[in-house]
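> Below is the structure, and that's it, no one-letter string:
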């Protein structure tokens, strides 16, 4: 309990809110690396996942790549890329590390979101005369969006946690007080850094949970009950949700 109180005092100390390593600066660094990494990973993984889910080809390769990437130790990968890129390209090495770690969750969320759709819904959309683009945009994208956001949610939380090690290569972020506090025996500082990372992750998780729930089409969310004029079949409800 005393350690927790010491950590809170460290956070509230005016000294931690000024200078090059002030908490607002560390927050900005942590958020910047997280957002940029997830965006770059999304540009790579989401289109590939959509293509796999839509065509049904390459799923085994995607699963293998995702599984292998999840097994890579983030700290070891960061050190390896820093050595390969050179000490003058440490930010680039860190960014590549975070992007590689975010790709598996985004890839899985993109293709499983489309794969999870009942094939009868796709067949019904085609029977209604929808073009391939309309089938993707009005049906597959709309109905697969919640799982895609789930993948984005998992990727973001993983990157938030992983950006903590950026402090080891002097890139700041909320990992900086953790990395600096360990050799100095400043466990209040270490705990304070950990609390900041946890708080950021919790806020991000809450926002994505709200977004994921909001992404479910109203017709699908209503699932159990049938509103007046709503088609009786599950396929009909899904198509109605995709059209609204």
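Done, it's in. Keep in mind that what you see is a predicted model, and the values were worked out from it rather than measured.

> can you pull out the helices in the protein?
All helices of the chain, identified by DSSP state H, fall at 2-12, 23-55, 59-71, 74-85, 90-115, 119-127, 132-134, 141-162, 175-184, 187-215, 218-222, 234-243.

> mind checking which of these is nearest residue 169?
Among these, the nearest to residue 169 by CB to CB is helix 90-115 (5.1 Å). Placement of C-beta: from N, CA and C, glycine included.

> What residues sit buried inside the closest one?
Neighbour-count burial for helix 90-115, counted by 16 or more other CB atoms under 10 Å, picks out 90, 93-115.

> How about the contacts made by residue 163?
30, 33, 34, 37, 98, 173, 174, 175 (CB atoms under 8 Å, 6 or more residues apart in numbering).

> go again using 10 Å as the cut-off
Residue 163 makes contact with 29-34, 37, 74, 94, 97-98, 101, 171-175, 197, 200, according to CB atoms under 10 Å, 6 or more residues apart in numbering.

> How about residue 97?
Residue 97 neighbours (CB under 10 Å, 6+ apart): 33, 37, 72, 74-82, 159, 162-163, 165-166, 169.

> Once you drop chain neighbours, what's closest to it?
Nearest residue to residue 97, sequence neighbours excluded (CB to CB, 6 or more residues apart in numbering): residue 78, at 4.6 Å.

> follow-up on the earlier one: okay if I get the helices of the chain as JSON lines plus mean pLDDT?
Shown next, in JSON lines, are these (pLDDT from 0 to 100):
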{"stretch": "helix 2-12", "mean pLDDT": "90"}
{"stretch": "helix 23-55", "mean pLDDT": "93"}
{"stretch": "helix 59-71", "mean pLDDT": "78"}
{"stretch": "helix 74-85", "mean pLDDT": "89"}
{"stretch": "helix 90-115", "mean pLDDT": "91"}
{"stretch": "helix 119-127", "mean pLDDT": "85"}
{"stretch": "helix 132-134", "mean pLDDT": "82"}
{"stretch": "helix 141-162", "mean pLDDT": "93"}
{"stretch": "helix 175-184", "mean pLDDT": "91"}
{"stretch": "helix 187-215", "mean pLDDT": "94"}
{"stretch": "helix 218-222", "mean pLDDT": "67"}
{"stretch": "helix 234-243", "mean pLDDT": "53"}
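
> Count the neighbours of residue 57 for me.
Around residue 57 there are 11 other residues, counting by other CB atoms under 10 Å.

> wait, isn't it in contact with residue 48?
No. Look at residue 57 against residue 48 with CB atoms under 10 Å: they stay out of range, at 11.3 Å.

> How many residues are close by residue 83?
With neighbours defined by other CB under 10 Å, the count for residue 83 comes to 10.

> any idea how far residue 141 is from it?
Using CB to CB, to the nearest Å, residue 83 is found at 41 Å from residue 141.

> Understood, closing this out.
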